[in-house]
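J.: quick one, what's the 3D model for this:
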Amino acid sequence: MSRIKQLAGDTALYGLGSIVPRALNFLLLPLHTRSVFSSEEYGVVTTLYGFAAFFNIVYLFGMETAYFRFASQPQANRDNVFRAAISCVLLISVPLSALLIVFREPLAAYAYIAHHPEFVVWVVLTLLVDALVAIPFAQLRQQRQPWLFASAKILNVLVQLGLNYYFLKVDYDPSIGIGYVFLANLLANSLYLLFFVPVWLRWRPLYERTLSPKMLRYAYPVMLTGLAGMVNEMAPRTLMEWFLPAGTGAPGVLKATGILGVAYKYAVLMGLAVQAFRFAAEPFFFAHAADKNSPELFARVNHYFVITGCSLLVVVGANLEWLQLFTGPSFYEGLWLVPWLLLAYLLLGIYYNVSVWFKITDKTHYGTWITLAGALVTILGNALLVPQLGYAGSAYAAVLCYLVMLVLCYLSGQRHHPIPYRVWADSLYVIGTLAWVLVLNHWAWPSRLLTTAVHGAGIVAWAAVVYWLERKELRHALSGRK
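T.: Numbering: from 1, shown residues only. Okay, here's the model as predicted:
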């Protein structure tokens, strides 16, 4: 139990570096959606950052996971692993950045900003900066320095907040418009380079004949997995015009993309919780992989993760009436999708837990095939559902995608590296929580205050049921016994 407490503590600190910055970022949502940008304009931001998410996977090439794997091995020369990982990232990210900048004009035209190809350049430079600091941030995680990690992330968002308000409220030029969002992001992220100046002063390029090829062979399936996973998450937001009925037109496409993008903004609270957990759990899983009791430990970790994720689902999903305060009226119509998108991220988080088996057994190619299957479900789901249901079909397709990936990963993992997950209990928690949130949101109450009171009572009732079901585990944990 002490190891799980340690993991929970690290997750909380990484959450400080992930969730707190995004909570601060919500201060930008009213600025962007209520007073400056229309849903069509915000659709451009969603589309361009969607493409950036795809390319970010290629830039990193799975080297973060490879770094954890090889730095955690017995007798590993961690300095050489660190130097080799950064060298590989540079070898990929610098030429790719140059290529994207060369093709900035057609990329800008696809994002409906043909008259502003410089926006593409700003996003590409942001990607390059993020790639340069990814392995140093991974080293902080590997060395268990979550306070430094969180401090850098929070400082970055504070700078972004300041720059956004300055550009959009003090020194606004309509000819740049949404470009200020990309420019502020680039300037704020560039400060990471200053944060890691001591690291860069010590770093020297390295390509080791034995180590580097091993890391690349381990990493490329992770990259392919991430790329396919990004198809699952971002394709609906970047390829919406492929799925909407013919003749919808650019304004209709951008409006649907913008509304869906804002719904994802709220659901990403679950995504950030998942990300914070991954930051702490990835080195944790590798560190305990050789422990003979690791299967039971990993199953218990997943059970607690499910309960925590369900808690977030019910708290956020039952307070949709307050989410309206952060967006303009044109975005309200998509908020009912937030519980479904929260569920999608929760299933993705459980998948990350279950996928530990192929990472610690060096069978990362299984992750590639599983995620490719998920990408196929995403494309087919959107192609079948969006023409009938509009952008809501994308939310349902996301849930279906991550459910398929989770089932495939669990079944293959039980054959190669069995872990005694509490399948029925965890499944009932997820299904029951979603059903309860949908019930709470089914009735419309005459005032926001009354709605809050009813939903608050519903959250308390849910918590009471969970406490009753988990009372023995909680007493065990509080007793301090392992």
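J.: may I have stretch 420-438 as CSV, with CA atoms only?
T.: Taking C-alpha atoms only, stretch 420-438 is exported to CSV below (Å, rounded to 0.1, in the frame of the first residue of the first chain):
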residue,chain,number,x,y,z
PRO,A,420,-5.7,-10.1,-12.1
TYR,A,421,-7.7,-7.0,-12.9
ARG,A,422,-11.1,-6.6,-11.2
VAL,A,423,-12.9,-6.6,-14.4
TRP,A,424,-16.5,-6.9,-13.2
ALA,A,425,-16.2,-4.4,-10.3
ASP,A,426,-14.4,-1.9,-12.5
SER,A,427,-16.9,-2.3,-15.4
LEU,A,428,-19.8,-1.8,-13.0
TYR,A,429,-18.2,1.4,-11.6
VAL,A,430,-17.8,2.9,-15.1
ILE,A,431,-21.3,1.9,-16.4
GLY,A,432,-23.0,2.9,-13.2
THR,A,433,-21.3,6.3,-13.0
LEU,A,434,-22.2,7.2,-16.6
ALA,A,435,-25.8,6.1,-16.1
TRP,A,436,-26.1,8.1,-12.9
VAL,A,437,-24.7,11.3,-14.7
LEU,A,438,-27.1,10.8,-17.6
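J.: list the buried residues in that stretch.
T.: 421, 426, 429-430, 433-434, 436-437 (16 or more other C-beta atoms under 10 Å). Using the backbone N, CA and C atoms, a C-beta is placed for each residue, glycine as well.
J.: residue 415 is in what secondary structure piece?
T.: Residue 415 belongs to helix 392-416 when assigned by DSSP states H and E.
J.: pLDDT averaged over that helix - what is it?
T.: Helix 392-416 comes out with an average pLDDT of 92.
J.: ok and the following helix or strand past it relative to helix 392-416, angle-wise?
T.: As assigned by DSSP H and E, the chain's next helix or strand after helix 392-416 is helix 423-440. Relative orientation of helix 423-440 versus helix 392-416 (axes from the mean of the first three to the mean of the last three C-alpha atoms, to 10 degrees): 170 degrees.
J.: so what touches helix 423-440?
T.: With contact meaning C-beta atoms under 8 Å, 6 or more residues apart in numbering, helix 423-440 is reached by 302-303, 306-307, 310, 313-314, 317-318, 339, 343, 346-347, 350, 410, 454-455, 458, 462, 466.
J.: ok, now with 7 Å
T.: 303, 306-307, 310, 313-314, 317-318, 339, 343, 346, 455, 458, 462 (C-beta atoms under 7 Å, 6 or more residues apart in numbering).
J.: which of the residues in the very next helix or strand once past that helix are buried?
T.: Tracing the chain past helix 423-440, the next element assigned as helix or strand by DSSP H and E is helix 448-479. Buried positions in helix 448-479, judged by neighbour count with 16+ other C-beta under 10 Å: 451, 455, 458-459, 462, 466, 470, 477.
J.: of the residues you listed, which is the nearest to residue 214?
T.: Within these, the smallest distance to residue 214 is 39.3 Å, found for residue 477 (C-beta to C-beta).
J.: which stretches of the stretch 51-200 of the chain form helices?
T.: Along the stretch 51-200 of the chain, counting by DSSP state H, counting those that start in this stretch, helices occupy 63-71, 78-102, 104-110, 117-142, 146-165, 179-195, 197-202.
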